[in-house]
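Asks: Structure, please.
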Amino acid sequence: MQFLCSFAVLALVCSVDAFAPAAPRLQLRSTRSPLLPPPSRSTRSLAHKPLWAMSSMTKSKMPVAKVATCNLNQWALDFSGNLRRIRESIKQAKAMGARLRLGPELEIPGYGCEDHFLEDDTIQHSWEVLAELLKGDETKDLLCDFGMPIMYEGVRYNCRVLCLNKEILLIRPKLFLANDGNYRETRWFTAWRYGWVLRDLVLPGEISELPLKQKTAKIGPGMLRLGDTVVAAETCEELFTPNSPHITLALRGAEIITNGSGSHHVLRKLDKRMDLIQSAMSKSGGCYMYANQIGCDGGRMYFDGCASICCNGNLVAQAAQFSLKEVEVVGACVDLAAIRSQRGAFMSRCEQVATVPEVPSVAKLDFKLCASSIVFPTEAQKVKVHHPMEELALGPACWLWDYLRRSGQGGYFLALSGGADSSSVAAIVGSMCQQVVSAVRAGNPTVLSDVRKVTGDAEYTPSDASELASRLFYTCYMGTEHSSADTRQRAKKLAAQIGGVHYDADIDKVVGALLAFFVSLTARTPKFKAHGGEVRENLALQNIQARLRMVMSYMLGQLLPWVHGREGSLLVLGSANVDEALRGYYTKYDCSAADLNPIGAVSKTDLRSFMAWAGENLGYTELSSIAIAPPTAELEPITEDYTQVDEDDMGMTYAELSEYGKLRKQQLCGPLSMFRALLPKWGPSSSRNLSPAQVAEKVKFFFRCYSINRHKMTTLTPSYHAEDYSPEDNRHDLRQFLYNVAWDWQFAVIDKLAGDLAGQGTDQGESSSSSSSSISKTE
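Replies: Alright, predicted model coming up:
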């Protein structure tokens with residue numbers, strides 16, 4: 001400790017490094033301090049030595065590498081904007097004194113190019129951007145790890161490109177591609193299958209014609225040997241695979257491993273990701289660096305940042321998960337001595353080193369990552385994880401802002417019903433306005449510039465979130481004779497609390513005109529169920545109201561800016577939740593058919609919790625009364641013995657729907673597997689005490705409803721991806737939309753199993769009529 005204390009004294013009189021904590025004394029409590037060299041008597045007098053003498057005495061004793069990683073808000077195919085953001089990240093990394101800069105996966109073209117990756121243009125423009133970076137001073141004395149697509153021997157690879165001093169040192173292709181859920185990388189790329197070898201890639205003219213005249217570069221899963229350490233790279237999915245490359249790389253001597261990622265937000269996912277990042281080097285020892293995109297790059301996903309650096313399993317740097325910053329760089333000083341000490345002391349690891357394959361390397365021994373001046377290792381910190389409801393307030397709001405500013409439109413329109421779903425969407429727009437104002441107050445010039453573009457006012461600076469909402473957010477309550485005064489008032493109060501421009505309208509005349517046209521055409525008058533009509537009539541009369549709200553929404557979205565003397569049009573927001581989409585409990589082409597839906601992959605259970613949270617934390621207190629109101633569509637007449645309630649209409653609760661959704665998609669359950677999975681949860685031995693036959697009826701009822709309504713998924717509004725059981729048909733949940741809704745074979749097997757269980761004496765439970773009584777309502 002005397003050795004460290006002497007340096008603490010010195011730090012008080014030296015200029016503090018950009019990476020070093022403000023209070024050097026705190027560094028003495030670093031979890032890695034026991035691994036530093038032991039004190040000696042000679043260290044007692046260090047504080048009395050001249051600074052130059054101390055520098056020369058301690059260089060070899062302080063192998064501390066300065067490294068930086070980043071969040072980048074890239075945009076697919078926006079090569080000029082992506083280049084600008086990459087340059088800014090390099091500028092910030094250099095200002096910190098970093099010697100290594102890591103960027104996200106495919107940062108040059110943007111991760112979300114999808115089928116544009118199949119175009120040669122995308123690869124050519126990526127080389128052109130890289131050439132621009134090599135022309136300038138960006139890579140001068142800074143090892144840069146870029147992400148871009150590369151063609152080798154007619155095969156397209158997702159690559160990391162490590163550059164230094166205008167030279168490409170190593171091209172590292174991805175070994176394991178993401179090909180599930182939202183990811184389709186094998187559609188565009190091929191995994192490297194040549195093993196642990198390096199080959200020569202002939203560089204294109206964009207690179208070979210630069211002043212350096214570099215003609216070839218090594219391509220393959222190799223390592224980079226520098227003058228004081230060994231660096232290696234892996235990419236996104238490789239962190240999540242069971243036999244991750246970093247295991248072999250660390251055993252073969254790589255001390256710093258980088259991971260450029262393109263990872264999107266899913267509720268409650270960050271814990272898993274951060275656990276993997278920390279555990280990557282916790283056993284073998286080493287530094288693991290993680291970079292990620294942040295924001296909406298043109299699709300349904302929001303990339304949620306959290307660029308991080310870990311050393312020996314301890315987090316030493318973490319960027320924001322949600323932010324309006326286009327560029328955020330974080331850095332750390334990594335103690336290589338601590339890494340080497342941990343590795344050398346772990347004897348079973350030392351035994352394994354000789355058992356793994358040889359990994360080829362490229363040498364650049366004249367370049368070092370360690371600082372020449374005295375630098376202290378960055379102290380460990382706790383992982384920062386948002387509460388799930390805070391995730392809902394921040395993630396979709398950032399997504400909406402990115403979409404708005406990049407679309408060139410003038411704001412958002414929402415049909416605000418006063419119910420839970422549309423009110424949650426309104427609260428998310430309010431959260432967006434709060435974040436924008438906070439960013440402007442913090443001096444973010446990009447956000448201020450975007451605000452002025454969206455509002456069409458070059459001099460405008462928002463004073464508060466409510467005032468900004470009055471320029472960006474328009475709502476309308478579209479009531480009918482079946483609407484209640486309660487929902488009308490809730491919508492009005494909530495809109496006032498957020499600050500948006502609100503309209504209150506009755507659309508009975510429009511509904512009546514359409515119904516009159518039908519009567520004149522067919523000479524038949526449909527009736528509601530409450531008035532003696534059959535199911536078809538009842539549904540058609542409800543659907544008329546719902547679809548007309550969509551028509552009115554788009555008309556208002558186009559013309560309200562004109563009414564208020566402003567430029568552009570409004571993007572129309574939808575408000576169907578993931579459970580109703582899964583069940584098909586909404587009208588095709590109603591007001592759920594919109595431009596965007598920030599809650600389309602959020603469960604009703606989470607939305608109820610979110611409203612309670614937002615009422616307290618966002619200041620929209622009206623959400624509290626909305627959260628406790630029974631969900632209702634208000635599309636049917638209310639009588640003395642009937643009030644329309646969503647869960648009664650659906651024949652299942654929202655909690656049950658969430659369970660079905662998770663089993664169907666996340667657990668990959670068909671009808672039989674779902675029945676088996678639900679028996680211990682809902683069956684005779686559970687608190688619900690349902691018989692096997694009752695559980696079977698619930699499962700069969702769900703699959704009938706799901707398959708009847710699956711066609712609606714083909715027109716589902718693009719939604720923020722928040723849950724992995726989303727039934728979104730475009731890319732996440734690829735299934736047919738025309739089913740045999742009888743499920744003859746599957747249901748017969750379920751019935752036989754339920755009968756066998758009943759014969760064993762397990763059929764004991766109260767009768768349940770919810771499923772059977774509701775089938776006629778939906779079919």
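Asks: count of neighbours near residue 366?
Replies: 8 (other C-beta atoms under 10 Å). Every residue, glycine included, has its C-beta placed from N, CA and C.
Asks: Correction: the previous question concerned residue 673.
Replies: 15.
Asks: so where do the helices sit in the stretch 1-150 of the chain?
Replies: 2-13, 24-27, 51-58, 79-95, 120-135 (DSSP state H, counting those that start in this stretch).
Asks: which stretches of the protein have low pLDDT?
Replies: Along the chain, segments meeting pLDDT under 70 span 1-61, 591, 640, 725, 729-731, 761-779.
Asks: helix or strand right after the lengthiest helix in it?
Replies: The single longest helix within the chain, with elements called by DSSP state H, is helix 535-563. Proceeding N to C from helix 535-563, the next assigned helix or strand is strand 571-573, under DSSP states H and E.
Asks: How about the next helix or strand after that following strand, which residues are buried there?
Replies: Sequence order places helix 578-583 as the next helix or strand after strand 571-573, per DSSP H and E. For helix 578-583, a neighbour-count test (16 or more other C-beta atoms under 10 Å) marks 578-583 as buried.
Asks: Distance to residue 732 for those - can I get that in TSV?
Replies: Converted to TSV, the buried residues of helix 578-583 look like this (distance: C-beta to C-beta, whole Å):
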residue	distance to residue 732
578	11
579	15
580	17
581	12
582	12
583	17
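Asks: Residue 437: which of those residues is nearest?
Replies: Set against residue 437, the nearest of the buried residues of helix 578-583 by C-beta to C-beta is residue 578 (29.6 Å).
Asks: Could you pull up the residues touching the closest one?
Replies: Counting by C-beta atoms under 8 Å, 6 or more residues apart in numbering, residue 578 makes contact with 599-603, 661, 719, 722-723, 725-727.
Asks: Would you report which members of the residues you listed are assigned to helices?
Replies: Using DSSP H, the members of the contacts of residue 578 that fall in helices are residue 661.
Asks: Surely residue 330 is within a strand?
Replies: Yes: assigned with DSSP: H, G, I helix; E, B strand; the rest coil, residue 330 falls within a strand.
Asks: Can you give me the neighbour number for residue 107?
Replies: Residue 107 sits with 28 neighbouring residues when counted by other C-beta under 10 Å.
Asks: surely it meets residue 261?
Replies: No: Residue 107 is beyond contact range of residue 261, at 10.2 Å (criterion: C-beta atoms under 8 Å).
Asks: Overlap of the contact sets of the two?
Replies: Shared contacts of residue 107 and residue 261 (C-beta under 8 Å, 6+ apart): residue 293.
Asks: quick one: the strands in the stretch 51-200 of the chain?
Replies: Here the stretch 51-200 of the chain has its strands, by DSSP state E, counting those that start in this stretch, at 64-72, 100-102, 143-152, 155-164, 167-173, 199-202.
Asks: Tell me how far the closest residue to residue 63 other than its chain neighbours lies from residue 228.
Replies: Once flanking residues are discounted, residue 63 sits nearest to residue 336: 4.1 Å by C-beta to C-beta, 6 or more residues apart in numbering. To residue 228, residue 336 is 7 Å away according to C-beta to C-beta, to the nearest Å.
Asks: Check residue 362 too.
Replies: To residue 228, residue 362 is 16 Å away according to C-beta to C-beta.
Asks: go on, residue 425?
Replies: 53 Å.
Asks: out of those two, which sits in the busier spot?
Replies: Counted by other C-beta under 10 Å, residue 425 and residue 228 do not tie: residue 425 has more neighbours, with 30 against 15.
Asks: which non-adjacent residue is nearest that one?
Replies: residue 575 is the one closest to residue 425 (C-beta to C-beta, 6+ apart), at 4.6 Å.
Asks: Isn't the one you found up against residue 599?
Replies: Yes: between residue 575 and residue 599 there is a contact under C-beta under 8 Å: 6.3 Å.
Asks: Check the contact lists of these two and give me the overlap.
Replies: Taking C-beta under 8 Å, 6+ apart as the criterion, residue 575 and residue 599 both touch 421, 424-425.
Asks: Just name the closest of those to residue 485, please.
Replies: Residue 485 lies nearest to residue 421 out of the shared contacts of residue 575 and residue 599, by C-beta to C-beta, at 19.7 Å.
Asks: who are the neighbours in contact with the residue nearest to the closest one when sequence neighbours are not counted?
Replies: Leaving aside its sequence neighbours, residue 421 sits nearest to residue 575 (C-beta to C-beta, 6+ apart; 4.3 Å). The contact partners of residue 575, by C-beta under 8 Å, 6+ apart, come to 414-415, 417, 421-422, 424-425, 591-592, 597, 599.
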